[in-house]
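A.B. asks: next one to model:
(2 chains)
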Amino acid sequence: MSEPTTRPGAASGGTGPPRPTRPRHGSRGARLLTRVRSWLPSLLLVSPSILLLGLFVYGMIGWNTRLALSDQHRPIDEGSFVGLDNFVALWQEARWPAAVNNAIVFTVVFVGGALLLGWLLGLLLDKGIRGEPVFRTLFLAPMAVSFIATGVVWRWLMNPAPVERATGLNALFVQFNLDFLVNTWWTAPDFGMAAMALPAIWQLSGYVMALFLAGFRGVPEELREAARVDGCSEWGVYWHVVMPQLRPVTLSAVIIIGHMSLKVFDLIIAIAGQQIVADVPAVYMWSTVFEVRDPAKGATIASYLLVAVAVFVIPYLVWTMRKERSEGR
Amino acid sequence: MSQSAPDRVIAPGGGTAGTTRRGQAVKFAVLVVLAAFFLMPMYVLVVTGFKPFAEATSARAWLLPRQWSTEGWAAAWTALAPGLWNSVRMVVPAAVISAVLGSLNGYVMARWRFPGADTVFTLFLFGMFIPYQAVMIPLQQIMVSSGLMGGLFPLILAHTVYGIPICTLIFRNYYASIPHTLIEAARVDGAGLLRTYAHVVLPVSAPAFAVTLIWQFTSAWNDFLFAVFLTGPRSWPVTVQLNNVAGSMVVPYNQQMAAAVLASLPTLVIYLLLGRYFMRGLMAGALKG
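C.D. replies: Predicted coordinates for the structure are as follows:
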């Protein structure tokens, strides 16, 4: 990498104050050459990363897409182009729509829950309270830990075993005579995926709190003060002045939590393993690729995941970049 | 509330003293309840880890150990030690290489742009969000056909490459905040791209390196998906080994919980010691660094 990047870097004027090759007046070719010289080194400096990401992100997405459009249903097959057949066939199974449904329920509960709890935590801490640093550290700590590790304890906390053998939260409910709360957690057919979102909320609401806290504190005090002078109550100040300022923060939080949620894998594997009640697309893809060994179908599931994420993320990225540029950088 | 700055830290201003104090007490109480909810899993992990095998049962699930024992920790250590070592060997190069590349990219994107730099940067950023499932099959096939599968190399490569976007973002935002004049002065003096980087930009980059290294360390350490399909049993990092330990029915709870704590200790320690940098990495994920 150093060979092509150092040479033009040095050539672009690193050799000394008087530039040795000033273009002659008028010569269009020479002018173009200086212009190219001014940015070529920087392009070369980024080129290793462009190559890596071009190959490992876009090249592989392309490869995966081609696979999804083929009928290579066994690793040894040749596979020929079949268009969107795989994409249609997936919806005719029982497992796929159920997995999609699970992912949607999980995402709604997870995003909604993390947003609500994170916002509440941010609101409670906004104006400062005794022990604030301790609370902040505590609420954020789960972020530092892997889903696999938190899965170990949450699987125990949400153990669906019957009352006689109850552990975790069920055991706690029994102990306090709250037997009506005892439930089968993630194995329940109706609210199982909502229960599964609980550890995810626990893990990420601290992150949302941090975003909101930064947002709250970024609202200029003069703005709040002006509203108070106009006779706003403290609640009114929050509702009419602070909250509208938090829209960008909320959007970021939704995008980040949402995209994590759509591709959830570790958490499900750590708590439920590969059980059909807690099936989601990422887990389904896993078993398709590594157990059933159907590359084309696995690639199809992956493509759906990519589309689901891209639909939210691309407009968000474009919007952010545009906003940043209009703010003048 | 003109003296608001100190006010906001110690006690909230505004309102009359009476209502504020009551409001403050209610807030504090709510926070304590929420803190208990956040601490509950950690309590279970540590307490169960210290129970002797016979005591790690459902009947005494929530109680403190009658007899504190380190047998769970010892067993967990034996089971996880190779994975911990693999994780270290994988995470360090992945974090360092992607931080270095991110620094070069960030410098160019912020300060020495080329035509189309914005587009390239946006394309980089999308790499941060893609579901890794969309590259999983090709990545695995490449690694298998090149004979690299099984060792740590594929995992190092994956974490390096897919770490470049966030590292670039963090460095770009950081370098954008360096005063223009500093870099302009170097350019006027005739310093080229690399010389300006080496003499002006790099010396002030330590905080951004701290953020990216910590961020990369944490995310590569905690990763499970790449780890489980790109490595073989000999090079499994700690997350995969932990999942194997915990997924097995015969391993007692005390050992499972102790193993989960051991696997999380490095990232938790970093978070507690260098929380400021960890936070900045987190916030950079939200694009506004």
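A.B. asks: I'd assumed A:Trp202 was in contact with A:Gly151.
C.D. replies: No: look at A:Gly151 against A:Trp202 with Cβ atoms under 8 Å: they stay out of range, at 11.4 Å. All C-beta spots, glycine's among them, are computed from the backbone N, C-alpha and C.
A.B. asks: between these two, which is the more surrounded one?
C.D. replies: A:Gly151 (26 against 22; other Cβ atoms under 10 Å in any protein chain shown).
A.B. asks: name the SS class of the closest residue to the more buried one other than its chain neighbours, please.
C.D. replies: Leaving aside its sequence neighbours, A:Gly151 sits nearest to A:Ala270 (Cβ to Cβ, 6 or more residues apart in numbering or on different chains; 2.3 Å). Under DSSP: H, G, I helix; E, B strand; the rest coil, A:Ala270 falls in the helix class.
A.B. asks: OK, contacts around A:Ala270?
C.D. replies: A:147-148, A:150-152, A:154-155, B:224, B:243, B:246 (Cβ atoms under 8 Å, 6 or more residues apart in numbering or on different chains).
A.B. asks: same thing but at 7 Å, please
C.D. replies: A:147-148, A:151-152, A:155, B:243 (Cβ atoms under 7 Å, 6 or more residues apart in numbering or on different chains).
A.B. asks: top of those residues by neighbour count?
C.D. replies: A:Val152 (30 neighbours).
A.B. asks: which one of the contacts of A:Ala270 is nearest A:Arg325?
C.D. replies: A:Phe147 (35.8 Å; Cβ to Cβ).
A.B. asks: need the phi and psi values for B:Leu63.
C.D. replies: phi -90, psi 160 (degrees, to the nearest 10).
A.B. asks: next, count neighbours for it.
C.D. replies: B:Leu63 has 11 nearby residues by other Cβ under 10 Å.
A.B. asks: with adjacent residues omitted, what lies nearest to A:Leu43?
C.D. replies: B:Phe114 is the one closest to A:Leu43 (Cβ to Cβ, 6+ apart), at 4.4 Å.
A.B. asks: meant to ask about B:Ala95
C.D. replies: Nearest to B:Ala95 is B:Gln216, by Cβ to Cβ, 6+ apart, at 3.8 Å.
A.B. asks: which other helices and strands does the host helix or strand of that neighbour contact?
C.D. replies: Secondary structure from DSSP states H and E places B:Gln216 in helix B:206-222. Judged by 3 or more Cβ pairs under 7 Å, 6 or more residues apart in numbering or on different chains; DSSP states H and E, helix B:206-222 is in contact with helix B:71-111, helix B:153-176, helix B:253-273, helix B:275-284.
A.B. asks: adding distance to A:Leu32, write those out as CSV.
C.D. replies: Below are the helices and strands packed on helix B:206-222 laid out as CSV (distance: least, Cβ to Cβ, whole Å):
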stretch, distance to A:Leu32
helix B:71-111, 21
helix B:153-176, 28
helix B:253-273, 50
helix B:275-284, 37
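A.B. asks: mean pLDDT for those: which is lowest?
C.D. replies: Mean pLDDT is lowest for helix B:275-284 among the helices and strands packed on helix B:206-222, at a mean of 88.
A.B. asks: buried ones in that helix?
C.D. replies: B:275, B:277-284 (16 or more other Cβ atoms under 10 Å in any protein chain shown).
A.B. asks: pick the one among those closest to B:Leu202.
C.D. replies: B:Tyr277 (17.9 Å).
A.B. asks: how many neighbouring residues does B:Pro203 have?
C.D. replies: So B:Pro203, with other Cβ under 10 Å, has 9 neighbours.
A.B. asks: so it belongs to a strand, correct?
C.D. replies: No: checked against three-state DSSP, B:Pro203 lies outside a strand; its state is helix.
A.B. asks: distance between the ends of stretch B:175-186?
C.D. replies: Stretch B:175-186 stretches 15 Å from its first residue to its last (Cα to Cα, to the nearest Å).
A.B. asks: whoops, stretch A:215-227 was the one
C.D. replies: 18 Å.
A.B. asks: and the average pLDDT for it is what?
C.D. replies: On average, stretch A:215-227 scores 89.
A.B. asks: give me the pLDDT value at residue 234.
C.D. replies: Just so you know, I chose chain A. So A:Glu234 comes in at 83 (pLDDT).
A.B. asks: to clarify, I was referring to chain B.
C.D. replies: For B:Arg234, the predicted pLDDT is 92.
A.B. asks: list the buried residues for the strand or helix carrying A:Leu32?
C.D. replies: In this structure, A:Leu32 sits in helix A:28-53 according to DSSP H and E. Buried residues in helix A:28-53, counted by 16+ other Cβ under 10 Å: A:37, A:39-46, A:48-50, A:52-53.
A.B. asks: next, the angle helix B:71-111 makes with it.
C.D. replies: Put simply, helix A:28-53 runs at 170 degrees to helix B:71-111, going by axes from the mean of the first three to the mean of the last three Cα atoms, to 10 degrees.
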